[in-house]
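J.: only the shape, not the letters, is given here:
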Ligand SMILES: Cc1ncc(COP(=O)(O)O)c(C=O)c1O
């Protein structure tokens, strides 16, 4: 029996209208305080369309953050919603103890879009969490860290290109002094997301990859944020660097909001991957897999790769123009629909404009614009919108940012 959506059957508690105040009260009473929201007065979103979200009062917001770089197909995309409904009407879950059609179709589709040589996927977990969390207690003991190519604040006090890519070569020091010279793998994002949209020169990855191979390691590209066309022109961020990874990890835009994560690897690595805990309860569940197949098709049909490249050039140019007129803008960086604007209190000392970043976010929110933040000091504005964004929305967003920068500068 196929069930079609019947509003009458939806729990009344979910379907009734709520005010923001009511929901905040419920959260205060029943939600663990560790779950924090953006903004002094958090927003209650109730629906969205394209790259625009609507709050409980009907106010609209252009979304340049895509719910932490995730809703790649925007909100309410007809193909996405229809596929989820269609799959939910049939089969939501059985576990990967059994075959299901969406899991098999999805791993086939992934192999078609993955970098060359990567063919075998596991959609249960991603390998990336091992390294990126900033809490020391979350670092597995076998993990070592090496500097990233953060040219604006070079850890070696040098300047590119005369630096000779010391940050990349330093990996050899890390391996020689902190390991037994036999590494399992190296993992990095092609452009750091939470780290503040930091994009090293392409040579960084080429040098690091050579060193990793010299010491017998495999190269893992963490594409959780950079994947699925976000960087423009290519499916994966690493493809802009000339490095051919052995594994890529993916999540976020992969399901465009429906939870799913996984990795795809060379077949010989997949054959070696026999650990017994490769299983995860929700791994490869049909609902998430069906949504992800729809996401891949939307990216192809709506030509998001080309769109992200084109819109990215437009947005970056506009942000560079704002840099000319606003001394608070220290650097604009990134590519495609993954741009960062590092805010500083002083162009020379580069003192991070931490409070001002918060103020800019508040002003943007007031004026109907959502942006993200990141970086070690939380002073980098992250622009990682849904790829359903339009050029007109970019122009509107830049007018709002222009005003927000001016207001923040008055407080310097
Ligand atoms: C690049 C990258 N890798 C991995 C993760 C970890 O994802 P999760 O939140 O599923 O642990 C994130 C989360 O933001 C991320 O940005």
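T.: Looks like it came in fine. Please read all numbers here as calculations on a predicted model, not as lab measurements.

J.: domain ranges for the chain?
T.: For the chain, the structural domains run 31-69+304-410, 81-301, going by automatic domain parsing.

J.: so which of the ones you listed comes closest to the ligand?
T.: Of all the domains of the chain, domain 81-301 sits nearest to the ligand, with 3.5 Å by C-beta to the nearest ligand atom. Where C-beta positions appear, they are placed from N, C-alpha and C, glycine not excepted.

J.: low-confidence ranges in the stretch 251-400 of the chain?
T.: Counting by pLDDT under 70, the stretch 251-400 of the chain contains low-confidence residues at 276-278.

J.: point out the residues in it that sit beside the ligand.
T.: Contact residues, the stretch 251-400 of the chain versus the ligand (C-beta under 6 Å from any ligand atom): 251, 261.

J.: which residues in the stretch 251-400 of the chain form helices?
T.: 267-272, 286-301, 304-325, 354-366, 391-410 (DSSP state H, counting those that start in this stretch).

J.: for the spatially most central residue of the chain, give me its contacts.
T.: The centre of the chain sits closest to residue 225, judged by C-alpha atoms, centre = their mean, with a distance of 2.7 Å. By C-beta atoms under 8 Å, 6 or more residues apart in numbering, the contact set of residue 225 is 69, 189, 191, 193, 252, 253, 338, 384.

J.: again, 6 Å this time
T.: With contact set as C-beta atoms under 6 Å, 6 or more residues apart in numbering, residue 225 has these partners: 69, 193.

J.: element containing it?
T.: Using DSSP states H and E, residue 225 is not contained in any helix or strand.

J.: now do the phi/psi pair for it.
T.: phi -100, psi -30 (degrees, to the nearest 10).

J.: for it, report the pLDDT, please.
T.: With respect to pLDDT, residue 225 scores 98.

J.: ok, residue 123 next?
T.: For residue 123, pLDDT reads 83.

J.: residues near the nearest residue to it once chain neighbours are set aside, how many?
T.: Spatial nearest neighbour of residue 123, excluding adjacent residues (C-beta to C-beta, 6 or more residues apart in numbering): residue 262 at 3.6 Å. Residue 262 has 26 neighbours, counted by other C-beta atoms under 10 Å.

J.: show me the contacts for residue 262.
T.: 121, 122, 123, 250.

J.: tell me which of those residues fall in strands.
T.: Of these, the ones assigned to strands by DSSP state E are 121, 122, 250.

J.: can you put these in CSV and add distance to residue 234 and neighbour count?
T.: Listed next are the ones in strands among the contacts of residue 262 as CSV, based on distance: C-beta to C-beta, whole Å; neighbours: other C-beta atoms under 10 Å:
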residue, distance to residue 234, neighbour count
121, 19, 22
122, 23, 21
250, 14, 28
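
J.: residue contacts, the nearest residue to residue 56 once chain neighbours are set aside?
T.: Beyond its immediate neighbours in the sequence, the residue positioned closest to residue 56 (C-beta to C-beta, 6+ apart) is residue 44, lying 4.4 Å away. Contacts for residue 44 (C-beta under 6 Å, 6+ apart) come out as 20, 23, 55, 56.

J.: just the element for the second one, please.
T.: Assigned by DSSP H and E, residue 23 falls within helix 20-30.

J.: let me see the mean pLDDT of the following helix or strand past that helix.
T.: For helix 20-30, the following helix or strand on the C-terminal side (DSSP H and E) is strand 45-49. Mean per-residue pLDDT for strand 45-49: 97.

J.: list of residues touching strand 45-49?
T.: 53, 54, 55, 56, 75, 76.

J.: who's in contact with residue 151?
T.: By C-beta under 6 Å, 6+ apart, residue 151 lies in contact with residue 160.

J.: ranges for the strands of the stretch 151-300 of the chain?
T.: Counting by DSSP state E, counting those that start in this stretch, one finds strands in the stretch 151-300 of the chain at the ranges 185-188, 218-222, 247-250, 262-265.

J.: let's have those in TSV, adding distance to residue 362.
T.: Listed next are the strands of the stretch 151-300 of the chain as TSV, based on distance: least, C-beta to C-beta, whole Å:
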stretch	distance to residue 362
strand 185-188	33
strand 218-222	31
strand 247-250	33
strand 262-265	36
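
J.: and of those, who's closest to residue 109?
T.: Smallest distance to residue 109 across the strands of the stretch 151-300 of the chain (C-beta to C-beta): 10.8 Å, for strand 262-265.

J.: strands paired with the closest one, and their directions?
T.: strand 120-122 (antiparallel), strand 247-250 (antiparallel) (DSSP bridges).

J.: among those strands, which is nearest residue 293?
T.: Once the strands paired with strand 262-265 are compared by C-beta to C-beta, strand 120-122 is nearest, at 12.5 Å.

J.: pLDDT on stretch 7-15, on average?
T.: The average pLDDT within stretch 7-15 is 95.

J.: and that stretch, end to end?
T.: End-to-end distance for stretch 7-15, by C-alpha to C-alpha, to the nearest Å: 8 Å.

J.: show me which positions of that stretch end up buried.
T.: The neighbour-count check on stretch 7-15 (16 or more other C-beta atoms under 10 Å) flags nothing as buried.

J.: now tell me what touches the helix holding residue 23 from outside.
T.: So helix 20-30 is contacted by 44, 56 (C-beta under 6 Å, 6+ apart).

J.: again with stretch 54-71
T.: So stretch 54-71 is contacted by 20, 43-47, 51-53, 193, 225, 252, 256-257, 368-372, 383-386, 393, 397 (C-beta under 6 Å, 6+ apart).

J.: can you flag the buried ones in these?
T.: Looks like these have 20, 43-45, 51-53, 193, 225, 252, 256-257, 368-372, 383-386, 393, 397 buried, using 16+ other C-beta under 10 Å.

J.: please state the offset of stretch 34-41 from the chain centre?
T.: Centroid separation for stretch 34-41 versus its chain: 20 Å, with C-alpha atoms, centre = their mean, to the nearest Å.
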